[in-house]
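Novice: got a sequence here, can you model it:
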Amino acid sequence: MTVLMTIDGLTKSFADTSMRLGPKRPPVRAVDGVSFHIMQGEVLAVVGESGCGKSTLGRLLLRLIEPTSGTVTFEGQNMSVMAPEQVRQMRQRMQMVFQDPFGSLSPRRTIANIIAEPMDTFGLSGTGKARREKVAALLQMVGLPSIYMDRKPRQFSGGQRQRIGIARAISVDPTFIVADEPVSALDVSIQAQIINLMQDLQQDKGFSFLFIAHDLAVVRHIADRVAVMYLGRIVEIGTKGQVYNAPHHPYTEALLSAAPHPEPGRRETRIILQGDVPSPSNVPSGCAFRTRCPLAQDICAREQPALREVAPGLNTACHFAAAHPITRHRAQA
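Specialist: This next block holds a predicted model:
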């Protein structure tokens, strides 16, 4: 496989711009020195609790927001030094599926115009009959009839609207798609349908996904690799099998224990983390997870653990990852 995207030392800080009286809060480091790569044709899932920086990371990769530092290299080109017009042209190959399937669709436009918008931008839609034929084909790809193209978003269910958003994203044949919590706003009964659709399209078209979610159970069937984020940092990244079956970071284990087990009659022994997630504007010294970690020792407060390989293909940011590999505990229901 070929590397599609390389992320090196990516950081994004947000200054306190509130009008509150008194001293300003310290900047929030939403993404804190993140480095990883994405291969052509793979699905990399990024998981973690709300506020950990997942969505900010996705927008940084598309350069929808500007990084504070670090680089993003896409198809061999450093996006961090590109002029705005170069970035705009690059976006033909980089698209996004948003979390809110209603808010991301203009209520005043027809479905045909919504889906064709990216094609219009890059001169790919054609006119008249040709344009409508392309829209009809895209609707068919996402499991919707072509008779829907002249309707408005309010006439559709949440699952149907997300299918429309997916059709819009794939309309320009991208090589990379960021899917930002694409099923979190949908009923559980619909989530599996949308994930299966995205998986089928990815296998058929061969594009790469950054699939953002807060629940490891959601990405179990679609991900090739999984990255776990905590307070802006990646604490573990590896293949799906490694992360699900042999995690080395205690935070990953805690997330997994909260996810439903796919085997009937079996469940995880639930791990309850102590304390609350620290404020992103006041991240603990050393290891950001140490205030909630059952393995924490003095070194955890002094030194931030590096993300290092603890098993072939599995990288973990924990001082004790190699010494204390985690054994998955499963109990009969």
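
Novice: from now on I want contacts and neighbour counts done on CA atoms only, so please keep to that.
Specialist: Fine.

Novice: check the secondary structure at M149 for me.
Specialist: Under DSSP: H, G, I helix; E, B strand; the rest coil, M149 falls in the helix class.

Novice: quick one: pLDDT of it?
Specialist: We note a pLDDT of 95 for M149 in this prediction.

Novice: who's in contact with A45?
Specialist: By CA atoms under 8 Å, 6 or more residues apart in numbering, the contact set of A45 is 209-213, 219, 223-227.

Novice: for I115, same thing?
Specialist: When contacts are counted by CA under 8 Å, 6+ apart, I115 is found next to 135, 164-165, 167-169, 171.

Novice: surely it is in a strand?
Specialist: No: the assignment for I115 (three-state DSSP) gives helix, which keeps it out of a strand.

Novice: report the buried residues of the longest helix seen in the chain.
Specialist: For the chain, the helix with the greatest residue count under DSSP state H is helix 188-205. Within helix 188-205, the residues scored as buried using 16 or more other CA atoms under 10 Å are 191-192, 194-195, 197-199, 201-202.

Novice: by contact count, what packs against that helix?
Specialist: helix 158-170 (3 or more CA pairs under 8 Å, 6 or more residues apart in numbering; DSSP states H and E).

Novice: what's the angle from the longest helix of the chain to helix 158-170?
Specialist: Here helix 188-205 runs at an angle of 20 degrees relative to helix 158-170 (axes from the mean of the first three to the mean of the last three CA atoms, to 10 degrees).

Novice: give me the mean pLDDT for helix 188-205.
Specialist: Within the predicted structure, the mean pLDDT of helix 188-205 is 92.

Novice: output it as CSV - backbone C-alpha positions only.
Specialist: Written as CSV, here are the backbone C-alpha positions of helix 188-205 (Å, rounded to 0.1, in the frame of the first residue of the first chain):
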residue,chain,number,x,y,z
VAL,A,188,-29.2,3.2,16.3
SER,A,189,-31.3,1.2,13.9
ILE,A,190,-30.1,3.5,11.0
GLN,A,191,-26.5,3.7,12.1
ALA,A,192,-25.6,0.2,10.8
GLN,A,193,-27.2,1.0,7.4
ILE,A,194,-25.1,4.1,6.9
ILE,A,195,-21.9,2.4,8.1
ASN,A,196,-22.5,-0.5,5.7
LEU,A,197,-23.2,2.0,2.9
MET,A,198,-19.9,3.8,3.5
GLN,A,199,-18.0,0.6,3.7
ASP,A,200,-19.5,-0.6,0.4
LEU,A,201,-18.7,2.7,-1.3
GLN,A,202,-15.1,2.7,0.1
GLN,A,203,-14.5,-0.8,-1.2
ASP,A,204,-16.0,0.0,-4.6
LYS,A,205,-14.3,3.4,-5.1
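
Novice: roughly how far out does it sit from the chain middle?
Specialist: The chain centroid and the centroid of helix 188-205 are separated by 15 Å, computed with CA atoms, centre = their mean, to the nearest Å.

Novice: adjacent strands (with direction) for the next helix or strand after it?
Specialist: Where DSSP states H and E defines the elements, the next helix or strand beyond helix 188-205 is strand 208-213. Here strand 208-213 is paired, per DSSP bridges, with strand 43-47 (parallel), strand 176-180 (parallel).
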